[in-house]
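>>> model this:
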Amino acid sequence: MRARLLRVLMLVSLIAATLAFVLPDWGFFGHRRINRLATFTLPPEMIRFYKTHLEYITEHSVDPDKRRYATKHEAPRHYIDLDQWGSYPFPNLPRYWTDVLLFYTEIGLVTAQGDSLKVKRDTLMIDGYKIPQIRLYRKNKAILEAADSQAFRDFFEAKVLSQYYEDEWILPCDTLLALFGDARPPNVNCASAYAVDHFSEHGILPYHLVKMQNNLKYAFLSGNVDKILRTSAEMGHYIGDAYVPLHTTKNYNGQLSNQTGIHAFWESRLPELFADETYDFFVGAAEYIANPSEYYWKIVLDSHLLVDSVLQTERELSLQFPSDRQYCFEERNGITIRTQCREYSEAYHRRMSGMVESRMRGAILSIGSAWYTAWVDAGQPDLIKLLGKTLSVEELKALESLESQYQKGNTKGRPHD
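Residues are numbered from 1 along each chain as shown. Presented below is the predicted three-dimensional model:
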């Protein structure tokens, strides 16, 4: 009985240890370090404000990960499965948010008779010219068409995009059918209309970064300290994610190649072991970003080019390294956890040839550059005037609520690890 009780206690300890070591993204250590160091890339006109709030910028760099425990809409902001959409450099994947959602959103209606009809955007060749068309299909047969694709785009932006974070999109029948004007036959009586997003489940990271860039610009324009600090800290998190190769692939945790756990190994375990010992984090001064969309897409595309190396290097090492020296037990916060041995981690780190350090350095400079760009685009407001202002009561309550959701420990949406 005593031996059985001991085995149960050991099993409980191992389960608790596993849960304790689920570290998303760069790990809390990495995100905090990256955001903190990004502050020191800023020009004199900005650095005093950011240094005054250095602890906030540091600590709240992990808020987006905590929000994954509060809403299912958070997770897709952290990644994009580029290999879902073809091959590098993914030329058929639209780079702008409205375009990609237009292309991958199913829009349809159900008639009073119970028929299901779908709206599709087509391009027809007429006299050698490409003419955009909007067509209404019953099964595979077009029964209505309208030549004004711009009217459909306006409808999409006004009626579909505005509901993006709703769990269900409900569209107005009359407005949808009005796109077809006099071509609408009398036998199409719409009972309900809908839109279904078939893109976001595979990640929206570069699109979200462009949105965050605009949000920070408007935060500076408003002079709202809550918004400036919150957007700066959280934007730093997403930029950090964009520099992680495994945030750009369906095989995000090695689950498709029998390498489950490589996510935390590459972006949490390695920085925690070696960042303070060997990394050079002097990256120079923040630079203005002329085209944020191109800039953020280049980051995720460059990250994706490293995916094969991240996976293949670990796979080869695991076959060459004694299996009983790959995982060890360590104590963390009074709990014994199972993690990659230091010797195994050092071998993997060497074979990465500075990749982890390089991606962290890039993230630091890009975050500072994003903050700087938003400030410049806002007209370079005087941040000294904001130094006496503190977080509002409403913001403090929001942070408290987020922490409460995180402590409950029920993540929503796709995990990263």
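
>>> all strands for the chain, in order.
Along the chain, the segments classed as strands by DSSP state E run 105-111, 116-126, 129-138, 141-146, 169-171, 190-197, 327-332, 335-340.

>>> Out of those, flag the one nearest Arg33.
Proximity to Arg33 (C-beta to C-beta) singles out strand 327-332 among the strands of the chain, at 17.8 Å. Heads up, the C-betas are built off the backbone N, CA and C, glycines and all.

>>> what about stretch 400-413, distance to the chain center?
Taking C-alpha atoms, centre = their mean, to the nearest Å, one finds the center of stretch 400-413 at 18 Å from the center of the full chain.

>>> Then stretch 103-117?
With C-alpha atoms, centre = their mean, you get 30 Å for stretch 103-117.

>>> Point to the residue nearest the middle of the chain.
His78 (1.9 Å; C-alpha atoms, centre = their mean).

>>> ok, Tyr252 to Gly261 distance?
Applying C-beta to C-beta, to the nearest Å, the value for Tyr252 to Gly261 is 12 Å.

>>> Looking at these two, which is more packed in?
Tyr252 (23 against 19; other C-beta atoms under 10 Å).

>>> Pretty sure that one sits against Leu82.
No. Using C-beta atoms under 8 Å as the test, Tyr252 is too far from Leu82 to be in contact (11.2 Å).

>>> Got the confidence number for Gly236?
According to the prediction, Gly236 has pLDDT 98.

>>> Revised request: answer the last question for Arg121.
Note on Arg121: pLDDT of 79.

>>> Spatially nearest residue to it, not counting backbone neighbours?
Counting by C-beta to C-beta, 6 or more residues apart in numbering, the nearest residue to Arg121 once its immediate chain neighbours are dropped is Ile134, at 6.0 Å.

>>> again with Thr373
Ile289 is the one closest to Thr373 (C-beta to C-beta, 6+ apart), at 4.4 Å.

>>> so what's that neighbour up against?
213, 295, 369-370, 373 (C-beta atoms under 8 Å, 6 or more residues apart in numbering).

>>> could you redo the last one with a cut-off of 7 Å?
Contact analysis of Ile289 by C-beta atoms under 7 Å, 6 or more residues apart in numbering lists 295, 369-370, 373.

>>> tell me, how many neighbours does the closest residue to Cys328 other than its chain neighbours end up with?
Spatially, and ignoring its direct neighbours in sequence, Cys328 is nearest to Cys341 (4.0 Å; C-beta to C-beta, 6+ apart). Cys341 has 17 neighbouring residues, counting by other C-beta under 10 Å.

>>> try Met235
Number of residues near Met235 (other C-beta under 10 Å) recorded here: 26.

>>> my read: it touches Ala370, true?
Yes. If you go by C-beta atoms under 7 Å, Met235 and Ala370 touch, sitting 6.0 Å apart.

>>> Check the residue nearest to Cys328 and give its pLDDT.
Reported pLDDT for Cys341: 96.

>>> what's it in contact with, if anything?
Contacts of Cys341 (C-beta under 7 Å, 6+ apart): 325-328.

>>> Quick one: buried ones out of those?
Burial by neighbour count, 16 or more other C-beta atoms under 10 Å: within those this picks out Gln326.

>>> Let's have the contacts of Cys341 in CSV, adding pLDDT.
Shown next, in CSV, are the contacts of Cys341 (pLDDT from 0 to 100):
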residue, pLDDT
Arg325, 95
Gln326, 96
Tyr327, 95
Cys328, 94
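
>>> can you put the contacts of Cys341 in TSV and add distance to Leu305?
Listed next are the contacts of Cys341 as TSV, based on distance: C-beta to C-beta, whole Å:
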residue	distance to Leu305
Arg325	31
Gln326	27
Tyr327	29
Cys328	32
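
>>> contacting residues for the spatially closest residue to Tyr372 that is not a sequence neighbour?
If the residues on either side of it in the chain are set aside, Tyr372 comes closest to Ala286, at 4.0 Å by C-beta to C-beta, 6+ apart. Contacts for Ala286 (C-beta under 7 Å, 6+ apart) come out as 41-42, 368-369, 371-372.

>>> can you pull the pLDDT of Ile134?
pLDDT at Ile134 comes out at 85.

>>> which helix of the protein spans the most residues?
Taking DSSP state H as the criterion, the chain has its longest helix at helix 355-377.

>>> number of nearby residues for the residue nearest to Ile47 when sequence neighbours are not counted?
Here the nearest residue to Ile47 in space, its sequence neighbours aside, is Thr39; by C-beta to C-beta, 6+ apart that works out to 6.7 Å. Using other C-beta under 10 Å, Thr39 is surrounded by 23 other residues.

>>> That's all I had, so thanks and see you.
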